[in-house]
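Asker: what follows is a predicted structure for the sequence shown.
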Amino acid sequence: MKQRYAVAAADDITEGGRLKVDVAGRSIVLFRVDGAFYALADRCPHQGGPLSEGDQIGELSAARPGEHHYCRRNMIIRCPWHHWEFDIDTGLSRIDPARVKVRRYETSVGGENECGERLVATTFETSREGEIVYVSM
Amino acid sequence: MTVLEQAAAAVLPAGSVNCDIHHPNPTMRELMPFMDDVWRDLIAARGITQLDSIAYPGNAPLSCRPDWRDPAGGLSATPERLAAEALDRLGARLGILNNLCGVHMFYDSYMAVAVTRALNDWTRVEWLDRHDGLRASIVPPLQDIGAAVAEVDRCAADRRFVQVLLPSAAHQPYGHRVYWPLYRAAARHGLPIGIHAGSAYHHPVTSLGWPNTMIEDYAAQSQIMQTQLASLVSEGVFAEFPSLKVVLIESGVSWLPAFLWRFGKFWKGLRFETPWVDRSPTEIVRDHVRLTTQPFDLPDDPGVLPRLLDQIGSDEMLLFSSDYPHWQFDGDAVLPSGLDPALVRRIAVDNPLATYPRLMERHS
């Protein structure tokens, strides 16, 4: 059964900011985007890079060469080590976009791709009560 | 048929296609009948007699196998002799002629257009019309993309032209949009783009500058192919033209897996530069790119080939070629040893027919 941990005061994380916390022996990075809170394990599923130190960008796609469809600003974290991109909400990797649309992977620890690489960063449910942010794990 | 010929005919299964053979570069005198008077006179006045580049010099061993040279030791050939060695001896039904005449070297784009038209017409009349087993690639004048498209449209009406042929290096990397009208035309006619070892020689033949020797030039052709492949994928050519196939000709095969590991690895971190590359470059290359089998560039150890094929990860990418008359092998050892007969059939029959749909048409 999941347990809920109080991890931060809401004001500890400014809008667009992030906070690294340790919860029950695990390093977690919290993000605040457009007032909502998101939590990822602070460990890239590729080689363990600290996601809390990566660049936060938007979701970039293209229907055709030369087009730049840019949306969901700040919802992608790019690992500082090899620039693999992960969706802050789902933890899913951008290098296999077909899977990003598969809702059943949401919040799961995720499967493996054909190369045996885990493509999903671990996500945790977040909730807020009053001024306190909780993570369930 | 002699005993030797019977043995040789068993090299390939019935219906095989030799996807890279070369008819000799024509002399300007041979092209004159296919030019307007203005170009006949201007070319004669300028004293241009031959369009040979530094690729395949006449006396270089690579340029022609000793037993395939003409009686004077030169490179001349007839359709009958070419077909005897590149088709009949191997048991191939069809062969694709790729002419390597140096038309891309011209700086005068108008002359390039005139000579390229003459070259394609000469190929049609002097080679295709003289042997039923021959097909050919269209050579476009890359100096003027509008004219190149017009030339593809003109030649494609003759369905014995089955491909558009580019040198491995021209004026810019081939992913650039300046070439896209040509790819649009090729896709419209169902013609693959063949990229063959060679150059327009408007740039050095290596990315470091001019080397001193032919061996450096020739060995670097596989690096140029890698750069072209990276350009085609990164610029989104295959996203824009989903039916387009590209055939890499005469520049080795065994470099491919290592290149794809490198290219694919960096794509994972640099994907945001090219958001239209929406799946692994390895998958894109497997779907769109084909390679001819001479030269293959393998060590003698027969155990290497199966591992390499496993790394390539597709049995649809290889197209049989002998690269006649270039000296890539001796005797009848035209295929790497140790290939499974079922795979030989794919390489020599199924894959060529899938890549060049026009080969399935019968011509009287």
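Answerer: Noted; the coordinates are in hand.
Asker: contacts only, for the residue of chain A found nearest chain B.
Answerer: Closest to chain B within chain A is A:Pro65: 2.8 Å, counting by Cβ to the nearest Cβ. C-beta coordinates here come from the backbone N, C-alpha and C atoms, glycine included. Contact analysis of A:Pro65 by Cβ atoms under 8 Å, 6 or more residues apart in numbering or on different chains lists B:Glu235, B:Gly236, B:Val237, B:Ala239, B:Glu240, B:Trp276.
Asker: what's the pLDDT at the first one?
Answerer: Which is B:Glu235. pLDDT, B:Glu235: 98.
Asker: and the closest residue in space to it that isn't next to it in sequence, how many neighbours?
Answerer: Excluding its sequence neighbours, the residue lying closest to B:Glu235 (Cβ to Cβ, 6 or more residues apart in numbering or on different chains) is B:Gly175, at 2.9 Å. Look at B:Gly175: counted by other Cβ atoms under 10 Å in any protein chain shown, it has 23 neighbours.
Asker: kindly report the same for B:Pro211.
Answerer: Neighbours around B:Pro211, by other Cβ under 10 Å: 15.
Asker: is it true that it touches B:Gln221?
Answerer: No - taking contacts as Cβ atoms under 8 Å, B:Pro211 lies outside contact range of B:Gln221: 11.9 Å.
Asker: so what does the longest strand along chain B touch, helix or strand wise?
Answerer: Secondary structure of chain B per DSSP state E: the longest strand is strand B:161-169. The helices and strands touching strand B:161-169, judged by 3 or more Cβ pairs under 8 Å, 6 or more residues apart in numbering or on different chains; DSSP states H and E, are strand B:134-138, helix B:180-189, strand B:193-199, helix B:221-234.
Asker: strand partners of that strand, parallel vs antiparallel please.
Answerer: Strands adjacent to strand B:161-169 in the sheet, as given by DSSP bridges, are strand B:134-138 (parallel), strand B:193-199 (parallel).
Asker: next secondary structure after the shortest one?
Answerer: Going back to what we said before, that points to strand B:134-138. helix B:145-156 (DSSP states H and E).
Asker: okay, the strands paired with strand B:161-169 in JSON lines with mean pLDDT next?
Answerer: Supplementary listing: these in JSON lines, determined by pLDDT from 0 to 100:
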{"stretch": "strand B:134-138", "mean pLDDT": "98"}
{"stretch": "strand B:193-199", "mean pLDDT": "97"}
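Asker: which residue ranges of chain A form strands?
Answerer: A:4-9, A:18-23, A:26-33, A:36-41, A:55-61, A:69-78, A:85-87, A:123-129, A:132-136.
Asker: quick one, what contacts the closest residue to chain A within the stretch 1-150 of chain B?
Answerer: In the stretch 1-150 of chain B, the residue that lies nearest chain A is B:Ile145 (17.3 Å; Cβ to the nearest Cβ). Taking Cβ under 8 Å, 6+ apart as the contact definition, B:Ile145 lies against B:Val178, B:Tyr179, B:Pro181, B:Leu182.
Asker: please apply the same query to B:Glu240.
Answerer: B:Glu240 neighbours (Cβ under 8 Å, 6+ apart): A:Arg64, A:Pro65, B:Trp180, B:Tyr183.
Asker: repeat for A:Thr122
Answerer: So A:Thr122 contacts A:Leu40, A:Ala41, A:Arg43, A:Pro45, A:Gly91, A:Val109 (Cβ under 8 Å, 6+ apart).
Asker: near chain B, which residues of chain A?
Answerer: Within reach of chain B by Cβ under 8 Å from any Cβ of the partner chain, chain A has these residues: A:57, A:60-69, A:78, A:82-85, A:94-95, A:97-98.
Asker: just the buried ones from the residues you listed, in ChimeraX syntax?
Answerer: Typed into ChimeraX, the line below selects the buried ones among the residues of chain A next to chain B, using 16 or more other Cβ atoms under 10 Å in any protein chain shown:
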select /A:57,60,61,62,65,78,83,84,85,94,95,97
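Asker: between its first and last residues, how far does stretch B:11-31 reach?
Answerer: 36 Å (Cα to Cα, to the nearest Å).
Asker: helices and strands of chain A: which one has the lowest mean pLDDT?
Answerer: Within chain A, no helix or strand scores below helix A:97-100, which has a mean of 46 by mean pLDDT, DSSP states H and E.
Asker: what about the most centrally placed residue in chain A, distance to A:Ala121?
Answerer: The residue lying closest to the centre of chain A (Cα atoms, centre = their mean) is A:Ile88, at 2.7 Å. Remark: distance between A:Ile88 and A:Ala121 (Cβ to Cβ, to the nearest Å) = 9 Å.
Asker: and for B:Asn98?
Answerer: 49 Å.
Asker: now do the contacts for the residue lying closest to B:Tyr183 once chain neighbours are set aside.
Answerer: With sequence-adjacent residues excluded and distances taken as Cβ to Cβ, 6+ apart, B:Tyr183 is closest to B:Phe241, at 5.1 Å. Counting by Cβ under 8 Å, 6+ apart, B:Phe241 makes contact with B:Trp180, B:Tyr183, B:Arg184, B:Ala187.
Asker: ok, B:Phe241 to B:Gln226 distance?
Answerer: From B:Phe241 to B:Gln226 the distance is 21 Å (Cβ to Cβ).
Asker: what's around the residue in the stretch 101-250 of chain B positioned nearest to chain A, how many residues?
Answerer: Closest residue of the stretch 101-250 of chain B to chain A, Cβ to the nearest Cβ: B:Gly236 (2.8 Å). For B:Gly236, the neighbour count with other Cβ under 10 Å is 23.
Asker: wait, it sits on B:Val277?
Answerer: Yes - using Cβ under 8 Å, B:Gly236 is in contact with B:Val277, at 6.7 Å.
Asker: by mean pLDDT, flag the weakest helix or strand of chain B.
Answerer: helix B:3-9 (a mean of 47).
Asker: done for today, thanks.
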